[in-house]
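Student: Here is my input, please return the structure:
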Amino acid sequence: MGKLLVIPLVFLLVVSGWLGLAWTGTKAELGGTLRALADNGVQLTRMQAQQAESEAQLRQTQTQLSKSEAQFTQTQAQLSEAEARLAQTEGQVLQMEENLTLATEQLSEIQLKYDALLEGQNHYALRDPTYRELQHFLDRDKTDEKKYVKDGYVCVDFAAAVNNNAEAKGIRSAYVSLVYPDSGHAIVAFQTIDRGLVYIEPQLDREVKLKVGFSYSRVNDFELRNGTDDTIVRALIVW
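Tutor: Reported below is the predicted structural model:
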């Protein structure tokens, strides 16, 4: 009987020791788990702080984007306004061009009426033209369209015709006789009030230059006919 009681007691002591050791290990594991949870809590707090910072940066970016969109909208409005002003300006330019064309046509009509008025005046009313008036007269004069005919209709006839036609329009004109070594030539001249004395080749309605001692053809880039020496010896101007 006494031996039977001793064995359970020993067993209880062994079990109690084993349980104590198990509890100690479990307690240590529990402490490690708690420390891990604490560390995870700290990391979670940091992550939440970073998330809050990221959200703040996102809100700031969204605010800047909204401002940029507003600026873009304003720029588009300014661009549209500028395009509208440009379109209006282009319309005004077109209108001005139309007005200029109309004014030019009216001026031409006035010039025609003025020329017609001058045709009824006598030679005492002759006047010196402007360079533009001279060009206008030459454009309308048809003498240059006539054909040169040797021993028939020559340079003196061209010069005389332009001279007479100009005076019929009330424009003072000069007959110019060019003396060559063995021959001569005839052209016309006008004393313009804005460009001075202007010489005109009546066969071409072209402005020419005169240089005594030089070839008339070469000075004016004309083709020399029949090898004639057209060096200008003297120029006689008759008004």
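Student: In terms of pLDDT, where does Ala50 sit?
Tutor: Rather than Ala, residue 50 is Gln. Predicted confidence (pLDDT) for Gln50: 87.
Student: First-to-last residue distance for stretch 209-226?
Tutor: Distance across stretch 209-226, first residue to last, is 21 Å (CA to CA, to the nearest Å).
Student: average pLDDT across it?
Tutor: With pLDDT averaged residue by residue, stretch 209-226 scores 92.
Student: number of nearby residues for the nearest residue to Leu126 once chain neighbours are set aside?
Tutor: Using CB to CB, 6 or more residues apart in numbering and skipping residues adjacent in sequence, the residue nearest Leu126 is Arg172, 4.2 Å away. Yep, even glycine has a C-beta here, placed from its N, CA and C like the rest. Around Arg172 there are 17 other residues, counting by other CB atoms under 10 Å.
Student: Does Arg172 touch Glu133 like I think?
Tutor: No - taking contacts as CB atoms under 8 Å, Arg172 lies outside contact range of Glu133: 11.3 Å.
Student: C-terminal to the longest strand belonging to the chain, what's the next element?
Tutor: Looking across the chain with DSSP state E, the single longest strand is strand 184-192. The element immediately downstream of strand 184-192 (helix or strand, assigned by DSSP states H and E) is strand 196-201.
Student: ok so, going back, give me phi/psi at the residue nearest to Leu126?
Tutor: Dihedral angles phi and psi of Arg172 (degrees, to the nearest 10) take the values phi -70, psi 130.
Student: Confirm that Thr75 lies within a helix, as I assumed.
Tutor: Yes - when classified by DSSP: H, G, I helix; E, B strand; the rest coil, Thr75 is found to be part of a helix.
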